[in-house]
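Colleague: Generate coordinates for the sequence data below:
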Amino acid sequence: MRDVRRLLVIALAVAGFLGYAGAQEQSFVQIAGAPCAKPPVLHCPATDCTPDRVINQGPVVEMKTRRTYFLDYPCDLKPGEKVTFILSIHGAGSYGNWQRHYFPLLDFVDKYRLVVATPNSPTHVWSTADDEYLQNIVNFVVDQIGKQNVKAFWLVGHSQGGMTSNRLVRTDFFASRVDGWLSLSGGRLGPTPPIPASFFAAARPAATSGTSPPPNAASLAAAMAPLRDPPAAAFSFIFETGEHELGDQPIPDFSPWAAKYGCGARAHITDITDTIAGYVYDPTRQNPGSDAWGHLPRSGMAEVLEYPDCKDGRVVADVIRLGKGHTEGLEPKVTEELVQLMVSAKGGKIQQMQ
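Modeller: Have a look, this model is predicted:
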C-alpha cells in the first residue's frame, strides 16, 4: 500500500508539472504563420539600412492570395488582452519594410500593445485589385486575436498609401471596421496649402530606394479628385506632414472633420524635440536634393495641434514636422506622440460587429 501511495503521489506530481508546463506554453499568443521575434524580424539598424532589407516584402503569407506581409506584435501578448490593431500601408513605389521603418511602429508594439500588419503591393501602387488581399489580412488577424480583444482598428498610410486609406474608408468593409485613420503626408480631410513646385521637381531615382518618383501636379490632382468630399464613415483622423511639403505655409485652422464632431478650436498642444534621426529616407534623390521631397534623416522638431473635446471620443489633430519633407523617416518621439494620440481615441467597431 505504501508503494501504491508513493506511485500515486509521483503520478499526481508529474501530472501537475505537465499541466503547469502546458499552461506556460499557452500563456502567450502566437499568431499562426507569424512567430513573434525579438528583435523584430528584419529590423533595420539605426543608420544605413541595406537596400535588400529595405525592399523586403515580409515573411508572413496571406494564404488566399499567397502574397506576403509583415506582422509585428508583443511576444508576451496574453490571451484575452486588448490591443490596438493597425494596418500600415506604404506609398507608391515603396515596400513593406521601408514603410515599417518610415513610421516605426514596430518599436512601440510592446509599450502600447499594438498589432501591426504592413502589407505590400506587387505593382508598388495600390488599387482596388489589392482590396481582397487587405481584407483577408484584416480578417485573419482579427480571427487570430479575437474580435473581442481588438479595442481599436486604425488605418495608417503614407503618401499614396494615405490616399488609399481615404478610398478604403469609403468602402463597406473598412467603413464598418475602422476607428481611425492616420494620414502620413497622404492627404488631409480639409484644406491644405498647395504642394510646392520643388516637390515635383525632385530628381528621378537611379536605383531602387523604397519610394517612387514624385507625381506631377496634374496626376496628383486627378487622383485626389474623387476623395475631396468627406467620407460618410465615423472615425478619428490625424494628419501628419513635413513643413516643407506645405511650401512652409501653415495648415489652415478649419477642419470639416473637427466640425463634424463638434470639436473645439484647434489648440497648440506641445512641441516635440527629437535628437535621434529616423531610419530611412530616399537615397536616390539627394543630388540635387529637394526640401519638399526630403533629405537625409536627422534630428528635428514637430508641432502638435489638436481639436479638443470632440464628440464620441474622437481625436482630430494635425502634426507638422518642422524643416522636413516627404520621405525622411519619422523620429522616435514624434512617432510615439502619434501612437499616443491613436490609442487615446474611441474604438470598438470590430468588437461590436455581429
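Colleague: Every contact and neighbour count from this point should use C-alpha atoms.
Modeller: Will do.
Colleague: Could I get the full set of strands for the stretch 1-150 of the chain?
Modeller: Under the criterion DSSP state E, counting those that start in this stretch, the stretch 1-150 of the chain contains strands at 60-62, 67-72, 83-89, 114-119, 150-158.
Colleague: Just name whatever secondary elements the first one is in contact with.
Modeller: Yep, that's strand 60-62 we're talking about. Packing contacts for strand 60-62, counted by 3 or more CA pairs under 8 Å, 6 or more residues apart in numbering; DSSP states H and E, involve strand 67-72, helix 131-145.
Colleague: Turn the ones you listed into JSON lines, including mean neighbour count and mean pLDDT.
Modeller: What follows is the helices and strands packed on strand 60-62, written out as JSON lines (neighbours: other CA atoms under 10 Å; pLDDT from 0 to 100):
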{"stretch": "strand 67-72", "mean neighbour count": "22", "mean pLDDT": "98"}
{"stretch": "helix 131-145", "mean neighbour count": "17", "mean pLDDT": "98"}
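Colleague: so can I have CSV of the ones you listed showing distance to I269?
Modeller: Shown next, in CSV, are the helices and strands packed on strand 60-62 (distance: least, CA to CA, whole Å):
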stretch, distance to I269
strand 67-72, 30
helix 131-145, 33
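Colleague: Let me know how buried P196 is, in neighbour terms.
Modeller: 18 (other CA atoms under 10 Å).
Colleague: how about the closest residue to it other than its chain neighbours, what does it touch?
Modeller: Using CA to CA, 6 or more residues apart in numbering and skipping residues adjacent in sequence, the residue nearest P196 is G247, 5.1 Å away. Contacts for G247 (CA atoms under 8 Å, 6 or more residues apart in numbering) come out as P193, P194, I195, P196, A292.
Colleague: One more pass at 10 Å, please.
Modeller: P193, P194, I195, P196, A197, S198, F199, D291, A292, G325 (CA atoms under 10 Å, 6 or more residues apart in numbering).
Colleague: likewise N136?
Modeller: Per CA under 10 Å, 6+ apart, neighbours of N136: E62, M63, K64, T65, V142.
Colleague: I figured the third one hits Y133, correct?
Modeller: Same thing as K64. Yes: judged on CA atoms under 10 Å, K64 makes contact with Y133 at a distance of 7.8 Å.
Colleague: any idea how far the residue lying closest to K311 once chain neighbours are set aside lies from E62?
Modeller: Counting by CA to CA, 6+ apart, Y261 is the residue found nearest to K311 once chain neighbours are left out, at 5.1 Å. For Y261, the distance to E62 equals 37 Å [CA to CA, to the nearest Å].
Colleague: which ones are touching E328?
Modeller: 102-103, 242, 277-282, 293-298.
Colleague: got the residue ranges for the helices in the stretch 1-150 of the chain?
Modeller: Secondary structure of the stretch 1-150 of the chain (DSSP state H, counting those that start in this stretch): helices at 2-25, 51-54, 96-102, 109-112, 131-145.
Colleague: Lowest average pLDDT across those?
Modeller: In terms of mean pLDDT, the lowest-scoring of these is helix 2-25 (a mean of 48).
Colleague: contacting residues around E81?
Modeller: F28, V29, R113, I145, G146, Q148, N149, V150, K151.
Colleague: Would you mind listing where the stretch 151-300 of the chain has pLDDT under the threshold?
Modeller: Residues of the stretch 151-300 of the chain meeting the criterion pLDDT under 70: 203-227.
Colleague: hey, where'd the strands end up in it?
Modeller: For the stretch 151-300 of the chain, the strands defined by DSSP E, counting those that start in this stretch occupy 180-184, 236-242, 267-274, 300-307.
Colleague: which strands and helices sit next to the last one?
Modeller: Read that as strand 300-307. Judged by 3 or more CA pairs under 10 Å, 6 or more residues apart in numbering; DSSP states H and E, strand 300-307 is in contact with strand 236-242, helix 256-260, strand 267-274, strand 316-322, helix 332-344.
Colleague: now the contacts of E81 in TSV, with distance to P35?
Modeller: Listed next are the contacts of E81 as TSV, based on distance: CA to CA, whole Å:
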residue	distance to P35
F28	11
V29	10
R113	16
I145	14
G146	17
Q148	22
N149	19
V150	19
K151	22
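Colleague: mind checking which of the helices and strands packed on strand 60-62 is nearest T171?
Modeller: helix 131-145 (9.7 Å; CA to CA).
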